[in-house]
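Q: structure of the sequence below:
(2 chains)
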Amino acid sequence: MHLTKEEEAMLAGEEGHATRKAMQILVALGKIYDAERMVSVSSVQVSGVSYKNLGDAGLEYLSELAKDGKARVKTTLNPAGMSLTDWKSQGIERGFAEKQLKVIEAYERLGVEITCTCTPYLAGNEPRFGEHVAWGESSAVAYANSVIGARTNREGGPSALAASLTGRTPLYGLHIQENRVPTVAVDVEAQLMFPEDFAAMGYFVGKTVKDGVPYFRGVERATLEDLKALSAALASSGGVAMFHIEGLTPESGLGARSLEGLTLTGKELAETRSMLNDEGTPDFVSVGCPHCSLTELATLAKLLSGRRVKREFWICCSREVKRQGDEAGYSGLIEGSGAKFALDTCMVVAPVEELGHRVVATNSAKACHYLRNAGLKVRFMPLEECVAEATGSG
Amino acid sequence: MSGRAIFEGKAEGRALVTSSPVSFYGGVNPDTGEVVEHGSELAGQSVRGRVLVFPHGKGSTVGSYVLYRMAKNGAAPCAIVNAKCETIVAVGAIISEIPCVDMVDVGRIKPDAWVRVEGATVEF
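A: Prediction:
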């Protein structure tokens, strides 16, 4: 693998311990994936933030890097295991909270922006078409590649952070044009009305195509919320890091005219929906996986206005989108109902199972997938039904 | 056998061998090194101090930190030998400073054989 003089110096430890460790990681990955050289990245999204997943070892590793490491490019952060300010009212134990705040401190020292969101593209980290970036957070990776046309592999926490500390990533995989072409076609015959339909479609297709690059045909329109839900679902049931929608996404011209594939009808959608529903009455309702957009806050404000929630109801979004919601007058209507904003975190990375909840209602296929892995039961339903479930009018 | 060094180092120990991919996150207890993955042929055995031989890693990228945590707890394997190393194991080995070699015929290493790893070579 060819390294520039500057990269060699980083590897030799001339820029400190953390930079050296970071470059070791990137060189090893370059070796494994036969990269010819490194490429500069314009931004990084770091995953591996929740103390629930990191544990003491992860915290120790980050603290060690923070002694002399510094982000060299714009770097934003994935959600944490709790709200950084309102963890007490979320029912988070002090011991967990203290460790989580130490993780955040380490990232701060590393020069990472404490955005704590899985939708960095809604919170100021907006790469342009064709830019190389190094993002963790599988749903954001699929969104960045497919919807924005930026180029990133599916990074893990340490490799994304390594890219941040060096400003580099090895040139392989989805950084190279030929690996971005579709590998499997999906003929969509089902009617897609809501983001939840896109989520169910993504969950079905992800399971089938694994880490392929699906090419959707027959989707006439898709909102940001639809694409966000699709990205998250494709990346949770499968390892999809990039997809195309004919006529809609920026690189769909890479083409799949002669590609064979699968057909998605209303039957597969209905089966997927029913597969994502367990028995039981929800005792916890949560939306915003991935984090809510301003449009979703507008819908929630309309639905919740003048009503009271009867169950714990979390609305997960970034501080930036919440701020926009404050300005637009949505946040007041939402909080007036007793629903809670869960900022900096979400139902997947917070220790929800330890808060005493058993059955979670959500509009996210991704959340269903991971909550089940954590031993919870799930009910998958559209946003409106989630609100009905929370207010007891369902 | 000669392979490719992912993290160079020197270590030796008894081989713990599986023909299935290994997930450290959720698959191995980070405090004891015991394999807890349901259905794994290694379930109930400890990776502590062993030369862990498996085709490649799988599962969540958090697995890299789990390997690091095992190393800090003295519960990590003393070396890792893979058929084809992927991101999770490679990053885990580097941050934990566990000697790691791949691109070798892992099928030739018999369970419990004494294995020596040095740089890119694996002797047994």
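
Q: just give me how far the strand of greatest length in chain B sits from the chain centre.
A: Assignment by DSSP state E gives strand B:10-17 as the longest strand of chain B. Relative to the chain's own centre, strand B:10-17 is displaced by 9 Å; criterion: C-alpha atoms, centre = their mean, to the nearest Å.

Q: close to chain A, is whatever helix or strand comes next after that strand?
A: Using DSSP states H and E, the helix or strand that directly follows strand B:10-17 along the chain is strand B:51-54. No: Strand B:51-54 stays out of contact with chain A when judged by C-beta under 8 Å from any C-beta of the partner chain, the minimum separation being 15.6 Å. To be clear about C-beta, it is placed using only N, CA and C from the backbone, and glycine gets the same treatment.

Q: give me every residue in chain B lying close to chain A.
A: Selection of chain B residues close to chain A by C-beta under 8 Å from any C-beta yields B:4, B:6-7, B:25, B:30, B:60-62, B:64-66, B:68-73, B:84-88, B:90-91, B:94-95, B:102.

Q: buried set for the longest strand of chain B?
A: B:11, B:13, B:15-17 (16 or more other C-beta atoms under 10 Å in any protein chain shown).

Q: now for residue 80: which residues touch it?
A: No chain in the question, so chain A it is. The contact partners of A:Ala80, by C-beta atoms under 8 Å, 6 or more residues apart in numbering or on different chains, come to A:49-51, A:100, A:103-104, A:116, A:344-345, A:349.

Q: chain B, not that one
A: The contact partners of B:Ile80, taken as C-beta under 8 Å, 6+ apart, are B:6, B:51-53, B:89, B:93, B:98-101.

Q: buried subset of the residues of chain B next to chain A as a PyMOL selection?
A: Buried subset of the residues of chain B next to chain A, written as a PyMOL selection, criterion 16+ other C-beta under 10 Å:
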select buried, chain B and resi 4+6+7+25+30+60+61+62+64+65+66+68+69+70+71+72+73+85+86+87+88+90+91+94+95+102
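
Q: looking at the residues of chain B next to chain A, which are in helices?
A: Counting by DSSP state H, the part of those found in helices is B:64-66, B:68-72, B:87-88, B:90-91, B:94-95.

Q: dump those residues into TSV; add distance to A:Gly202 as well.
A: Below are those laid out as TSV (distance: C-beta to C-beta, whole Å):
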residue	distance to A:Gly202
B:Ser64	26
B:Tyr65	27
B:Val66	28
B:Tyr68	32
B:Arg69	32
B:Met70	34
B:Ala71	37
B:Lys72	38
B:Thr87	23
B:Ile88	23
B:Ala90	29
B:Val91	27
B:Ile94	33
B:Ile95	32
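
Q: from these, which is closest to A:Val27?
A: Distances from A:Val27 to these, taken as C-beta to C-beta, are shortest for B:Ile94 (9.3 Å).

Q: residues contacting the closest one?
A: B:Ile94 neighbours (C-beta under 8 Å, 6+ apart): A:21, A:24-25, A:28, B:6-7, B:100.

Q: give me the pLDDT for it.
A: Confidence at B:Ile94, expressed as pLDDT, is 92.

Q: could you do B:Pro30 as well?
A: 89.

Q: list the contacts of the closest residue to it other than its chain neighbours.
A: Counting by C-beta to C-beta, 6 or more residues apart in numbering or on different chains, B:Arg69 is the residue found nearest to B:Pro30 once chain neighbours are left out, at 4.2 Å. By C-beta under 8 Å, 6+ apart, the contact list for B:Arg69 reads A:55-58, B:30-31.

Q: so where do the helices sit in chain A?
A: Under DSSP H, chain A gives helices at A:5-11, A:17-32, A:51-65, A:94-109, A:138-143, A:157-166, A:195-209, A:224-237, A:266-275, A:294-304, A:319-328, A:330-336, A:365-373, A:383-391.

Q: looking at the stretch 251-394 of chain A, which residue is nearest chain B?
A: Closest approach between the stretch 251-394 of chain A and chain B, counting by C-beta to the nearest C-beta: A:Asn373, at 8.1 Å.

Q: number of residues surrounding that residue?
A: 12 (other C-beta atoms under 10 Å in any protein chain shown).

Q: again, but for A:Gly336
A: Counted with other C-beta under 10 Å, residues neighbouring A:Gly336 total 14.

Q: and the pLDDT at it?
A: At A:Gly336, pLDDT is 97.

Q: so who does the residue lying closest to A:Ala71 once chain neighbours are set aside touch?
A: What sits nearest to A:Ala71 in space, not counting adjacent residues and going by C-beta to C-beta, 6+ apart, is A:Gly111, at 3.8 Å. Residues counted as contacts of A:Gly111 (C-beta under 8 Å, 6+ apart) are A:70-71, A:75.

Q: out of those, which is most surrounded?
A: A:Thr75 (26 neighbours).

Q: please tell me how far it sits from A:Thr166.
A: 12 Å (C-beta to C-beta, to the nearest Å).

Q: stretch A:91-108 and chain B in contact?
A: No: against chain B, stretch A:91-108 shows no contacts by C-beta under 8 Å from any C-beta, the least distance being 11.2 Å.

Q: so which bits of that stretch are buried?
A: A:92, A:96-97, A:99-100, A:102-104, A:106-107.

Q: poorly predicted segments of chain B, please.
A: For chain B, no stretch has pLDDT under 70.

Q: repeat for the stretch 101-250 of chain A
A: For the stretch 101-250 of chain A, no range has pLDDT under 70.

Q: around chain B, which positions in it sit nearby?
A: A:136, A:155-159.

Q: quick revisit: tell me the one of the contacts of A:Ala80 nearest chain B?
A: Distances from chain B to those, taken by C-beta to the nearest C-beta, are shortest for A:Ser50, at 9.1 Å.

Q: thinking again about what came up before, quick one, which of the helices of chain A is packed in tightest?
A: Most buried of those by mean neighbour count (mean count of other C-beta atoms under 10 Å in any protein chain shown) is helix A:157-166; its value is a mean of 30.
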